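Visitor: Test case, fold it:
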Amino acid sequence: MKNNPSEQKRRHYKSLFHGVRFKSAILILAILTSAASCSNDNSPNPGCRTPEQALADYSSFLNSISSMNDVPTSELIESVKRWRATDDSVANSINIANQISENDSLPQRYFQIRDSIGGIFIKMVDSRTRSFSDYLQCVRTLNYTRLDSVTLDMVKSVRKFYDNVDRLPVFNSTNRETIQYYEYLLDTTLKNGFKTPKDLFKFLEEEDRTFRTFLCHLPTMGEIPLTAVRDSTKRVLSDIITLSYDENFPFNAKETLVILTMRNNRRLIQNASQCVTDIENKKISAGDQSTAYLWMLLQLWVSFDSFAFALLDENQFEAMEDIAGSLPAIFERLKGAEFPVEPSLLPNILIKTWISQL
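Guide: Prediction:
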């Protein structure tokens, strides 16, 4: 898994501009690595500009977006992409000067302009109410996380594994029998541990089948204690993560992160999809159960980071699109369910948060 090229550059600028404080951290744009070279033929390469010229161009960009309002999501995305490219060019030009001290005004002016641009994008996002499909559109276009070849090979292997697991049917068990077996599986796993790749993937296979069986009984699980399953699952995952730093464990920390993230992605999507099905089939009641279902639905959207999104395949994105399309009607049915914010406003919050982390 390669770091975003911007990460090294961001650390460089943090060091370069040490001591600079800027008023707002609403939107911090990642600075992409680029190769800027000046030739002797008066090339128009932006990297050849002086810092003053670069900052003037940055101010021009600020002016060009300052009047944008009520923009569709596609236009918002294109504007953010332009911002990234412009910021990269300006930052490189400031770096070329190579004589910036802590007291120099260039860094302060750079961050002031960037901060102002960030504020405009906040208003631009909120110029209309966005949907969860809009959020997915932003994610798919503006996710700059890149996976190295080793990580991609691991991703392919895990996808193939879960494709095979999908062919296994759920267990023919009642809700209580399912929980009993879930507890047994986790307790046995904690006792035996993981010594080979087969041990780990055998657990993931059994856990997946048990979890899918659990989801079949989801509307009836409210009266069954689930604390043991929850706590034991945390312990198993903690053991896996700890073991990944042991040279004798079959997978290193990076490979383990891929495996567990893909597992979590899968479970969140499966859970949200089942919630939609149960609500549409009128299998849940008002009150606490409605609130629980709302939290499970929205957990899908607030839990993913850029790395988790980078590991999704096309089928999973399509599943999320289907869920997103169902949510307006679902929210109408779950009126009265308790959540800290109005669910229909969450996409705007998510998009602003996403842009702030680029």
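Visitor: hey, where'd the helices end up in this structure?
Guide: Under the criterion DSSP state H, helices of the chain are mapped to 5-16, 51-65, 73-97, 105-125, 132-142, 149-165, 175-192, 197-216, 227-243, 253-280, 288-303, 306-310, 314-333, 346-356.
Visitor: Show me what the last one packs onto, helices and strands only.
Guide: Contact partners of helix 346-356 among helices and strands, from 3 or more C-beta pairs under 8 Å, 6 or more residues apart in numbering; DSSP states H and E: helix 105-125, helix 132-142, helix 288-303. Where C-beta positions appear, they are placed from N, C-alpha and C, glycine not excepted.
Visitor: Rebuild these as TSV, extending it with mean neighbour count, mean pLDDT and distance to S157.
Guide: TSV is the format used below for these (neighbours: other C-beta atoms under 10 Å; pLDDT from 0 to 100; distance: least, C-beta to C-beta, whole Å):
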stretch	mean neighbour count	mean pLDDT	distance to S157
helix 105-125	18	92	38
helix 132-142	19	97	24
helix 288-303	17	96	23
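Visitor: F339 is nearest to which of the helices of the chain?
Guide: helix 288-303 (5.5 Å; C-beta to C-beta).
Visitor: What lies in contact with that closest one?
Guide: 132, 135, 219, 222, 264, 268-269, 271-272, 275-276, 278-279, 284, 320, 323, 327, 330, 334, 336-339, 343, 346-347, 350 (C-beta atoms under 8 Å, 6 or more residues apart in numbering).
Visitor: re the thing from before, could you dump the helices and strands packed on helix 346-356 to a markdown table with distance to T73?
Guide: A markdown table is the format used below for the helices and strands packed on helix 346-356 (distance: least, C-beta to C-beta, whole Å):
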| stretch | distance to T73 |
| --- | --- |
| helix 105-125 | 9 |
| helix 132-142 | 4 |
| helix 288-303 | 16 |
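Visitor: out of those, which comes closest to L243?
Guide: Between L243 and these, the shortest gap by C-beta to C-beta is with helix 288-303, which sits at 23.8 Å.
Visitor: average pLDDT across stretch 52-63?
Guide: Regarding stretch 52-63, the rounded mean pLDDT is 95.
Visitor: Mind listing what's buried along it?
Guide: 54-55, 57-59, 61-62 (16 or more other C-beta atoms under 10 Å).
Visitor: And stretch 71-80, by the same measure?
Guide: 71, 73, 76-77, 79-80.
Visitor: pLDDT score for the residue lying closest to P250 once chain neighbours are set aside?
Guide: Nearest-residue entry for P250: P197, 4.3 Å, with adjacent residues in sequence omitted and distances by C-beta to C-beta, 6 or more residues apart in numbering. If you check P197, the pLDDT there is 94.
Visitor: got it, and E321?
Guide: Taking E321 on its own, its pLDDT is 98.
Visitor: Next one: the spatially most central residue of the chain relative to N348, how far apart?
Guide: Centre of the chain computed as the mean C-alpha position; nearest residue by C-alpha atoms, centre = their mean is D305, 1.9 Å away. Per C-beta to C-beta, to the nearest Å, D305 is found 18 Å from N348.
Visitor: Likewise for R230?
Guide: Using C-beta to C-beta, R230 is found at 31 Å from N348.
Visitor: In contact with M262, which residues are there?
Guide: 155, 158-159, 162, 311.
Visitor: cool, I113 as well?
Guide: So I113 contacts 55, 58-59, 62 (C-beta under 8 Å, 6+ apart).
Visitor: So which of those is the closest to R176?
Guide: Using C-beta to C-beta, the contacts of I113 come closest to R176 at L62, 61.8 Å.
Visitor: Show me what counts as buried in stretch 190-204.
Guide: 194, 200-201, 203-204.
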